[in-house]
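**Q** okay, sequence plus prediction incoming.
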Amino acid sequence: MPRERQGTRMREVTLEATGPVRLDEDDIDEEKGDIAVCRCGLSDEFPLCDGSHRRTEDEETGVRYKYVDGERRVVEEIRFSEGDDEREEE
């Protein structure tokens, strides 16, 4: 049974670009027989899932969060430097 969509959850995630990562048979979880890829951006085992997403289960809809050293913080404002072409998505 599919889970109901719970609204928009937002998280500011910063990752160090290290290039493509190749996953192979050695990455298969022996207990589960699969490979779980991190989609929340919080895993200490990135790009593999370590269950860190469980910390996000009680995030409020429409609030943007940043996790710093395991601590959840609310992002009040995002500022771009002058001349920066990136813009916040709505």
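**A** Nice, I can see it.

**Q** mind giving me the packing neighbours of the helix or strand of the chain with the lowest mean pLDDT?
**A** Using mean pLDDT, DSSP states H and E, strand 10-12 stands out as the lowest-scoring helix or strand of the chain, at a mean of 84. If contacts are counted by 3 or more CB pairs under 8 Å, 6 or more residues apart in numbering; DSSP states H and E, strand 10-12 sits against strand 64-68. (Glycine included, C-beta is placed from N, CA and C.)

**Q** what's the strand it packs on in contact with?
**A** 10-13, 42, 55-56, 59, 72-75, 78 (CB atoms under 8 Å, 6 or more residues apart in numbering).

**Q** low-confidence ranges in this protein?
**A** 1-7, 83-90 (pLDDT under 70).

**Q** re the thing from before, could you list the buried residues of the least confident helix or strand of the chain?
**A** By neighbour count on 16 or more other CB atoms under 10 Å, the buried set for strand 10-12 is residue 11.

**Q** ok, residue 38 - how many residues close by?
**A** Other residues near residue 38 number 19, with proximity taken as other CB atoms under 10 Å.

**Q** and the closest residue in space to it that isn't next to it in sequence, what does it touch?
**A** Residue nearest to residue 38 in three dimensions, not counting chain neighbours: residue 49, with 4.6 Å by CB to CB, 6 or more residues apart in numbering. Residues in contact with residue 49, defined by CB under 8 Å, 6+ apart, are 36, 37, 38, 39, 43.
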